[in-house]
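Participant: what would the 3D arrangement of this be:
(one chain, ligands or ions: 1)
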Amino acid sequence: MSGPSRTTARPPGADLGARGDDELSGPGPAATPEPGTGGGLAVRNLTKRFGSTTVLRGVDLEFRTGEVHAFLGANGAGKSTLLSCLSGAHRPSSGEIVVDGTSYDGFTPTSAFDAGIAVLYQHFQLAGSLTVADNVFLGDELTTSGVLSRQKQEQITRELLDDLGVDIDPRTPVEKLSIGQQQIVEITRALRRDPSVLILDEPTAALGRTEAAGLLTTIRRLAYERRIAVVFVTHLLGEVMTVADRVSVLRDGRVLWTRDRGEVTMDALVSGISPSVTGADERAERATGPTFVEFSGFRTSYCGPLDLEIGEGEIVGLYAMMGGGRTNLLETIAGARRVRGGTLTVGGADATAASPRQAAGKGIALVASDRPAQSLFGDLSGLDNLLMPHFRRSRFGIRFPHREKPVFDRVAERVQLMPPDSEATGGSFSGGNAQKIMVGRWLSGLGDCRFLLLDEPTQGVDIGSREQIYRLIREFASRPGRSVMFTTSDPEEAVALADRIVVLHEGRISQVFGPDVGEDTLLSHAQSAAVESYEGVTA
Ligand SMILES: Nc1ncnc2c1ncn2[C@@H]1O[C@H](COP(=O)(O)OP(=O)(O)OP(=O)(O)O)[C@@H](O)[C@H]1O
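Facilitator: Below is the predicted model:
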């Protein structure tokens, strides 16, 4: 269905002009919007079925002009499915979508954009080798007499970036930007089409704390100054309390409640999303043994030399600001990048690996952070995805389906996979459930893994499943001959899960903390290390 053309009525003063000092510190309470202006987006009695599976069951929601609306729910609740109906990726089975007073029964991607809805997904749709300006105008280039007006594109992009208060050169190739900056380019591209509704799917999931805070400030400015209805999906509840004006919780495809942020407590959020969360801290029961993994002068293309001993049963958290070298280090240990020097032993035996296969043979497994690209096989079944390490060990490639299904059922139950359907394709699982498959692969004793590496293990995972994944990681580590190393950009997670926290800065260990370190200490240490090195560069 193609929508009617949209006229954008910006309220007086909505344009972003020169910024005052208080704007630099982010929009304050004075900028709180007047809700109920009649614009924005409403969803009425929307349902969505995939074959015999009903995912959305009569959803009613209102996202108002000029407000930031947090849209929450457990993994598999149906958030992405609703977003797909709004972006035109899926067609609703029934119901109505109203944008700025005009009713639609569904969209194509083009008609959604024409109606004024922009949806930004976690996985960027940017061309890395092109410049910022080229990306902003990709597919809709400005031309004069058939010739590309590159200068004009750069000028408009610069104006949009200035409006957002960010300092990015439009001529920079996108691949040279940080993840947070790339996120801003995505937003800029959407803004060029002057949307009235901007929907962001877990926008801060891949960002460090500082970049995330910057993005949240930008989100508020978009709502309050540009009068856009901003909707954001997140599993990070601290963000909700910081930035949202209203909050909606989706449970099993239905809206559980919508409330003003001021009426919401953290407990209400947690129990709304995941009623089974206990909040129990099980870390105190753990004890670690003698050295099991040892790095000595270990060097990668970016990190090192590193010297670190990890005890048997120990869980070490690598905490770093973006660019600290965490992913580079994990990928090198897992054989995906070349080791540049030094030694690594696991259980006393050499464990340096020239390929992921060799690393797996030496008992090392990596759960990568970019799951769809690196770990999940979208066309294979849930069972094939979950039991993959098991097949590597099976003799002559012979499979016994009647034996596999009970194993799948057992593991699916342990990781609380939803739906626990062995035949569903990998690509049909929600983001958080895909992560449970990736983690469950190694945590359930299927593969011969002795040193488990997890890159952001709970990214995109809801609060209830996060607890379950922590429990599984602890269980894994407590079996004989096991150690775990994980990365996180969330100090809360570092403190909750790690026995020791190693702060990595520019590829070097800058500090090692015990489990009792406070989140603030951790954050401020990592930040001050970053500031010191910046001053070193500019001095
Ligand atoms: N194409 C599809 N075919 C069948 N089922 C699907 C399809 N797409 C999604 N689903 C199912 O719909 C349900 C909701 O998934 P959705 O991705 O919308 O959840 P979500 O709330 O976004 O979760 P997450 O927080 O993990 O991203 C899941 O059970 C998922 O398996």
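
Participant: helices of the stretch 351-500 of the chain, start to end?
Facilitator: Using DSSP state H, counting those that start in this stretch, the helices of the stretch 351-500 of the chain run over 356-361, 371-374, 382-386, 388-393, 401-414, 431-443, 463-478, 491-497.

Participant: the ligand: which of those is closest?
Facilitator: helix 431-443 (3.0 Å; Cβ to the nearest ligand atom). All C-beta spots, glycine's among them, are computed from the backbone N, C-alpha and C.

Participant: touching the ligand at all, the closest one?
Facilitator: Yes - for helix 431-443, a contact with the ligand is found by Cβ under 6 Å from any ligand atom, at Gly431, Gly432, Asn433.

Participant: look up how far Gly378 lies from the second one.
Facilitator: Distance, Gly432 to Gly378, by Cβ to Cβ, to the nearest Å: 16 Å.

Participant: more neighbours: these two, which one.
Facilitator: Using other Cβ atoms under 10 Å as the criterion, Gly432 and Gly378 rank with Gly432 on top: 27 against 12.

Participant: about what we covered before: return the most buried member of the helices of the stretch 351-500 of the chain.
Facilitator: Neighbour counts (mean count of other Cβ atoms under 10 Å) averaged over each of the helices of the stretch 351-500 of the chain peak at helix 431-443, with a mean of 25.

Participant: give me the mean pLDDT for it.
Facilitator: Here helix 431-443 scores 83 as its mean pLDDT.

Participant: tell me what angle it forms with helix 401-414.
Facilitator: On the basis of axes from the mean of the first three to the mean of the last three Cα atoms, to 10 degrees, helix 431-443 is oriented at 120 degrees to helix 401-414.

Participant: report the inter-axis angle for helix 431-443 versus helix 463-478.
Facilitator: Going by the same axes, to 10 degrees, helix 431-443 makes 10 degrees with helix 463-478.

Participant: tell me what helix 431-443 is packed against?
Facilitator: Here helix 431-443 touches strand 364-367, helix 371-374, helix 382-386, helix 388-393, helix 401-414, strand 451-455, helix 463-478, going by 3 or more Cβ pairs under 8 Å, 6 or more residues apart in numbering; DSSP states H and E.

Participant: does any bit of the last one sit next to the ligand?
Facilitator: No - Helix 463-478 lies out of reach of the ligand by Cβ under 6 Å from any ligand atom, never closer than 8.5 Å.

Participant: how about Gly313: what's its closest non-neighbour residue?
Facilitator: The spatial neighbour of Gly313 that comes closest, neighbours along the chain excluded (Cβ to Cβ, 6 or more residues apart in numbering), is Thr288 at 4.7 Å.

Participant: closest one to Leu120 among the helices and strands packed on helix 431-443?
Facilitator: helix 371-374 (16.1 Å; Cβ to Cβ).

Participant: give me the mean pLDDT for that closest one.
Facilitator: Mean predicted lDDT for helix 371-374 stands at 60.

Participant: what sits up against the helix or strand hosting Ser84?
Facilitator: According to DSSP states H and E, Ser84 maps onto helix 79-87. Here helix 79-87 makes contact (Cβ atoms under 8 Å, 6 or more residues apart in numbering) with 41, 43, 46, 48, 55-56, 59, 71-73, 90-92, 97, 106-107, 109, 112, 117, 119, 121, 197, 199, 201, 233, 250, 430-431.

Participant: redo that, cut-off 7 Å
Facilitator: With Cβ atoms under 7 Å, 6 or more residues apart in numbering as the test, helix 79-87 has contacts from 46, 48, 55-56, 59, 71, 73, 90, 92, 97, 109, 112, 117, 119, 199, 201, 233, 250, 430-431.

Participant: quick one: it near the ligand?
Facilitator: Yes - Helix 79-87 lies within reach of the ligand by Cβ under 6 Å from any ligand atom, at Lys79, Ser80, Thr81.

Participant: what number of residues lie near the first one?
Facilitator: Other residues lying near Lys79 total 26 when counted by other Cβ under 10 Å.

Participant: ok, the last one next?
Facilitator: Thr81: 22 surrounding residues under other Cβ under 10 Å.

Participant: what ranges does the stretch 51-200 of the chain have for its strands?
Facilitator: 53-63, 68-73, 94-99, 102-104, 117-120, 143-144, 147-148, 197-201 (DSSP state E, counting those that start in this stretch).

Participant: of these, which stretch is the most buried?
Facilitator: Ranked by mean neighbour count, those are led by strand 68-73 with a mean of 26 (mean count of other Cβ under 10 Å).

Participant: ok, now how distant is the nearest residue to Val495 once chain neighbours are set aside from the ligand?
Facilitator: Sequence neighbours aside, Glu519 is the residue nearest to Val495 in space, at 5.5 Å (criterion: Cβ to Cβ, 6+ apart). For Glu519, the distance to the ligand (Cβ to the nearest ligand atom, to the nearest Å) stands at 24 Å.

Participant: what's near enough to touch Glu519?
Facilitator: Glu519 touches Pro491, Glu492, Val495, counting by Cβ under 7 Å, 6+ apart.

Participant: now do Leu250 against Leu383, distance only.
Facilitator: As for Leu250, its distance to Leu383 is 28 Å (criterion: Cβ to Cβ).

Participant: same question for Arg158.
Facilitator: 51 Å.

Participant: same question for Thr265.
Facilitator: Distance from Thr265 to Leu383, by Cβ to Cβ: 40 Å.

Participant: how about Thr47?
Facilitator: For Thr47 relative to Leu383 (Cβ to Cβ), the value is 29 Å.

Participant: the nearest residue to Thr65 once chain neighbours are set aside sits in which helix or strand?
Facilitator: The shortest distance from Thr65 to any non-neighbouring residue, by Cβ to Cβ, 6+ apart, is to Gly39 (3.6 Å). For Gly39, there is no enclosing helix or strand under DSSP H and E.

Participant: circling back: reformat the helices and strands packed on helix 431-443 as a markdown table; add distance to Trp257.
Facilitator: Shown next, in a markdown table, are the helices and strands packed on helix 431-443 (distance: least, Cβ to Cβ, whole Å):
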| stretch | distance to Trp257 |
| --- | --- |
| strand 364-367 | 34 |
| helix 371-374 | 30 |
| helix 382-386 | 31 |
| helix 388-393 | 39 |
| helix 401-414 | 29 |
| strand 451-455 | 34 |
| helix 463-478 | 16 |
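
Participant: worst mean pLDDT among these?
Facilitator: Among those, helix 371-374 carries the lowest mean pLDDT, a mean of 60.

Participant: what are the ranges of the strands in the stretch 201-350 of the chain?
Facilitator: Going by DSSP E, counting those that start in this stretch, the stretch 201-350 of the chain shows strands at 229-233, 246-251, 254-260, 291-299, 306-311, 315-319, 341-346, 349-350.

Participant: quick one, what contacts the residue nearest to Thr65?
Facilitator: With contact set as Cβ under 7 Å, 6+ apart, Gly39 has these partners: Thr65, Asp100, Ser196.

Participant: repeat that for 8 Å
Facilitator: Gly39 neighbours (Cβ under 8 Å, 6+ apart): Arg64, Thr65, Asp100, Gly101, Ser196, Arg227, Ala229.

Participant: tell me how far it lies from Arg259.
Facilitator: Gly39 is 21 Å from Arg259, by Cβ to Cβ.

Participant: which residues of this protein score low on pLDDT?
Facilitator: By pLDDT under 70, the low-scoring segments of the chain are 1-38, 276-287, 321-324, 370-374, 389-398, 444-447, 526-539.

Participant: most centrally placed residue in it?
Facilitator: Most central in the chain under Cα atoms, centre = their mean is Ala205, positioned 2.8 Å from the mean C-alpha point.

Participant: surely that residue meets Leu120?
Facilitator: No - contact criterion Cβ atoms under 8 Å: Ala205 and Leu120 do not qualify, at 11.9 Å.
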